[in-house]
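Visitor: okay, here's the prediction I keep looking at, along with the sequence it came from:
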Amino acid sequence: MGEYLAENVLDNLEPDVLDFLLATSVPERISAALATELTGRRDAQAMLEEIEERDLFLTRLDEDCRWFRYHTLFAEFLSRRLERERPDRLIELHRVAARWFAGQRLLSPAVDHFLAAGDEDDAIDIVEKESIPLFERSQLTLLLGLAAKLPRGGADRPQLRINVAWAHALLHHRQEAADALGTLDTDLPPEPDDEALNRHAEALIVRATINGFDDRLDGLEAAVATGMVRAEKLRPWILCGIADLAAYREIHRFEFAEARRWQAWARPYHRSASGPFIVVYGYCLDSMAARELLDLEAVESDLRHAMHLATPRGEVDSYISRLAGALLGDLLYEQGHAAEAERLLDDSYTLGAEGGVLEFMRATYAVGALVKFRLGHVDEAAERLDEGDRLARTLRLPRLAAYITNERIRTDIGAAQFSADGFPPRLPEDPVDGIARVTAEVDERSAIRLLLASGDSDRAFERAQRLTDSIDSTLRPRAALYARSLLLECEATARSSAEVERTAVELLEQCARHGLVHPVLDAGPAVNALVRRIDSTRGTIGLSPAVTAYLDRYRELPDPVWPTDR
C-alpha cells in the first residue's frame with residue numbers, strides 16, 4: 001500500500017499540495033481554521049475542498065464542509081513519512097495542533113497532541129486547569145478519561161488529584177476515589193499556606209462524600225467544621241458541597257428543618273457555581289428533608305426546579321436529570337401517578353452503580369420495582385429487585401438491601417427465602433445513627449408483613465404497635481404515617497370494628513390533606529378492603545370533603561394487585 005501511494009499518488013502531486021497533505025494529516029480530523037494554523041495558508045478551506053474533489057482520501061464529516069478526515073491508512077502513511085523525513089516538523093505540528101484544540105476547549109485531542117509532541121507537562125496543565133469546570137458541569141466521565149491519558153495520572157498535582165477524586169466519588173467509584181485522594185486529607189506541610197489549607201479542607205470534604213455515598217456518616221462532622229473555618233477562602237462550589245454534607249448529616253439525625261436551613265444558607269452560592277450539578281444535588285437534598293416533614297408542595301417545587309436546571313435546553317438524558325427524576329418519580333408514585341413515575345424511574349435505572357446516594361437508589365430499585373408490580377409488570381419488577389440486590393451486595397449497602405427485601409415481601413417476589421424469625425425480635429434501643437435506625441425499622445416492617453402472611457396477626461399487631469410508638473410523629477411525620485398505615489393493616493386483618501374504621505378515616509384524612517394515595521394503597525389488602533367499605537357507605541357516615549375527594553381519586557385508580565391475587 002505504501003509503495004502504491006508513493007508511486008501513484010504522492011510523487012505526482014504539486015509540492016505545495018503534498019506539503020499541505022503532510023501537515024494536515026497529523027490531527028484525526030481537520031478544519032480550515034486548524035489547517036491554517038498548521039500550514040500558514042489562508043486558502044485552507046479551498047485546499048481541503050480541492051483535495052476532496054481530487055479523491056485524495058479526504059472525506060467531509062458534515063454538510064457545511066467544516067470538518068474533514070483523511071482515510072486512516074492514508075493518514076498513517078503520511079505521518080510515518082513525516083516522522084521518517086522531518087521528525088522535528090512532526091513534533092512541531094503536534095504542538096501547534098495541541099494549542100489550537102486547547103484554545104477551542106476540545107480537550108481530548110489537545111491532550112493527545114501534547115503527549116504526541118512530548119509535552120507531558122502541558123498535557124497535565126490543561127487537564128488540571130479544566131478539571132474544576134469539567135466536574136462542576138458534571139462532565140465527570142470526560143474528566144476521568146482525560147486524567148487516564150496522563151503520565152502517572154498527574155499524580156504530582158494535588159488539586160488535579162482532588163478533582164479526579166471528586167469525579168470518582170460522585171460516580172460511586174469508591175476505591176478509585178480513595179486512590180486518587182491518597183493521603184491529601186491527612187497530610188499537611190509543617191507551615192501550610194492558604195492554598196494548602198484549602199486543599200486539605202476540600203480533601204476532607206471529598207473523603208466525607210465518599211463515605212456518604214457508602215451510606216455512612218463517618219467524617220461528615222469534621223469535614224463540615226473544617227470547611228466552615230475556611231469558608232471565606234473556599235470557592236462557591238465547595239461551599240455548596242459543605243451544605244450538602246451538612247444537610248445529609250442532619251437528614252440522618254432526623255433534624256429535617258436544620259437540613260433545609262443548610263440548603264437555604266447555600267442558595268446565594270448557587271448563582272456563582274459554574275455548572276448545575278451541585279445546585280441540583282442541593283435541591284434534591286432539600287426535597288428529601290421536606291418530604292420527611294410532609295411538606296410535599298416544597299418537595300415537588302424543589303424537584304421540578306432541579307429537573308429544569310438539569311435540562312436547560314430540554315435534554316432528557318443528563319446524569320443529574322436522572323438523579324432528580326428518581327426522586328420525582330418516587331413522589332409521583334405516592335401521589336397516584338404511576339405511569340409518569342415509571343418513565344422517570346426507568347430513566348434513573350440506567351445509572352446503575354452510579355446512581356447517587358442511597359435515597360436515589362432506593363427510589364430507582366425499591367420504589368421502581370413496586371411501581372412495576374402495581375402496573376402488572378411482574379417480570380420487570382423481579383428484574384429491578386434482583387439488580388437492586390446485586391448492587392446492595394456489591395456496594396455493601398445494608399440499608400438498600402433492607403428496602404429491597406421489604407419490597408420482595410410486599411410483592412411476594414422471591415419472598416419464600418425469608419421468615420419473620422430471621423429478623424431481630426425487636427428494634428435496637430440505641431442505634432449508632434439515623435441510618436442504622438431506619439435500616440432496623442425497614443427490617444421490622446418486613447418481619448411484620450411476614451407475620452401477617454403467616455397468619456400470626458396478633459404478633460404482627462404487637463410489633464406494628466411498638467414500631468409506631470417508637471416514632472415521634474412530630475419529629476418524623478412521614479415515617480409515622482407509614483408506620484400507622486402498616487399498623488392499620490394489622491388491625492384490619494385481625495378484626496373489623498367501628499374503631500378500626502375510625503382509624504382508617506383519620507389516616508385517609510391525613511393522606512388527603514397531603515395529596516398522597518399510595519400510603520393507603522400499599523398498606524395491604526385488608527386496608528384496601530376497609531377503604532372500599534368506607535367508600536360504599538360514604539353517604540351514611542360523615543366524611544370531610546377532603547376524604548370524599550380522596551375516595552373519588554381512589555375509585556379512578558386500578559385495583560392494586562396483591563400476591564394472593566396472583
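Guide: That came in fine, so what should we check first? Please read all numbers here as calculations on a predicted model, not as lab measurements.
Visitor: export stretch 53-63 as CSV, just CAs?
Guide: Below are the C-alpha coordinates for stretch 53-63, written out as CSV (Å, rounded to 0.1, in the frame of the first residue of the first chain):
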residue,chain,number,x,y,z
GLU,A,53,-12.6,16.6,-5.2
ARG,A,54,-9.3,15.0,-6.4
ASP,A,55,-10.2,11.9,-4.4
LEU,A,56,-7.1,12.1,-2.2
PHE,A,57,-8.6,10.0,0.6
LEU,A,58,-10.3,13.0,2.3
THR,A,59,-13.9,12.8,3.4
ARG,A,60,-16.1,15.6,4.7
LEU,A,61,-17.7,15.0,8.1
ASP,A,62,-20.6,17.5,7.9
GLU,A,63,-22.8,19.1,5.3
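Visitor: what residues of that stretch count as buried?
Guide: Buried residues in stretch 53-63, counted by 16 or more other C-beta atoms under 10 Å: Leu56, Phe57, Leu58. All C-beta spots, glycine's among them, are computed from the backbone N, C-alpha and C.
Visitor: for this protein, which spans come out with low pLDDT?
Guide: Judged against pLDDT under 70, the low-scoring parts of the chain cover residues 1-9, 11, 153-154, 274, 312-317, 539, 559-566.
Visitor: residues contacting the residue lying closest to Ser473 once chain neighbours are set aside?
Guide: Nearest residue to Ser473, sequence neighbours excluded (C-beta to C-beta, 6 or more residues apart in numbering): Ala480, at 3.7 Å. By C-beta atoms under 8 Å, 6 or more residues apart in numbering, Ala480 lies in contact with Thr468, Ile471, Asp472, Ser473.
Visitor: most widely separated two among those residues?
Guide: The distance between the two most remote of those (C-beta to C-beta) is 10.8 Å, for Thr468 and Asp472.
Visitor: out of these two, which sits in the busier spot?
Guide: It is Thr468, of Thr468 and Asp472, that has more neighbours when counted by other C-beta atoms under 10 Å, with 19 against 11.
Visitor: so how far is Leu345 from the nearest residue to Ser454 once chain neighbours are set aside?
Guide: With sequence-adjacent residues excluded and distances taken as C-beta to C-beta, 6+ apart, Ser454 is closest to Ala420, at 6.8 Å. Here the criterion is C-beta to C-beta, to the nearest Å. By it, Ala420 lies 29 Å from Leu345.
Visitor: got it, and Leu507?
Guide: Counting by C-beta to C-beta, the gap between Leu507 and Leu345 amounts to 26 Å.
Visitor: who's more crowded, those two?
Guide: Taking other C-beta under 10 Å, Leu507 and Leu345 do not tie; Leu345 has more neighbours (29 against 22).
Visitor: for that one, give me its contacts.
Guide: Neighbour list for Leu345: Gly325, Ala326, Gly329, Asp330, Tyr333, Ala363, Thr364, Val367, Gly368, Val371 [criterion: C-beta under 8 Å, 6+ apart].
Visitor: for the helix or strand containing it, list the C-alpha coordinates in PDB.
Guide: Per DSSP states H and E, Leu345 falls inside helix 338-349. As requested, C-alpha coordinates have been extracted for helix 338-349 and formatted as PDB (Å, rounded to 0.1, in the frame of the first residue of the first chain):
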ATOM      1  CA  ALA A 338     -47.800   5.500  38.400                       C
ATOM      2  CA  ALA A 339     -47.300   5.800  34.600                       C
ATOM      3  CA  GLU A 340     -45.300   9.000  34.800                       C
ATOM      4  CA  ALA A 341     -43.400   7.700  37.800                       C
ATOM      5  CA  GLU A 342     -42.500   4.500  35.800                       C
ATOM      6  CA  ARG A 343     -41.000   6.600  33.000                       C
ATOM      7  CA  LEU A 344     -38.800   8.600  35.300                       C
ATOM      8  CA  LEU A 345     -37.700   5.600  37.400                       C
ATOM      9  CA  ASP A 346     -36.800   3.700  34.200                       C
ATOM     10  CA  ASP A 347     -34.600   6.600  33.200                       C
ATOM     11  CA  SER A 348     -32.800   6.500  36.600                       C
ATOM     12  CA  TYR A 349     -32.400   2.700  36.300                       C
END
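Visitor: in it, what's buried?
Guide: Under the neighbour-count rule (16+ other C-beta under 10 Å), helix 338-349 has Ala338, Ala341, Glu342, Leu344, Leu345, Asp346, Asp347, Ser348, Tyr349 buried.
Visitor: which stretches of the stretch 1-150 of the chain form helices?
Guide: Using DSSP state H, counting those that start in this stretch, the helices of the stretch 1-150 of the chain run over residues 2-8, 15-24, 32-39, 44-53, 72-85, 87-103, 107-116, 120-136, 140-149.
Visitor: just want the angle from the fifth one to helix 15-24.
Guide: What that stands for is helix 72-85. 100 degrees (axes from the mean of the first three to the mean of the last three C-alpha atoms, to 10 degrees).
Visitor: what packs against helix 72-85?
Guide: Helix 72-85 makes packing contacts with helix 2-8, helix 15-24, helix 87-103 when contacts are defined by 3 or more C-beta pairs under 8 Å, 6 or more residues apart in numbering; DSSP states H and E.
Visitor: and for the second one, what are the contacting residues?
Guide: Surrounding helix 15-24, the residues in contact under the criterion C-beta under 8 Å, 6+ apart are 10, 13, 30, 34-35, 38-39, 41, 47-48, 51, 56, 70, 78, 81-82, 86, 93.
Visitor: quick one: the helices in the stretch 301-450 of the chain, in order.
Guide: In the stretch 301-450 of the chain, helices defined by DSSP H, counting those that start in this stretch lie at 319-334, 338-349, 358-361, 368-374, 378-394, 398-411, 434-454, listed in chain order.
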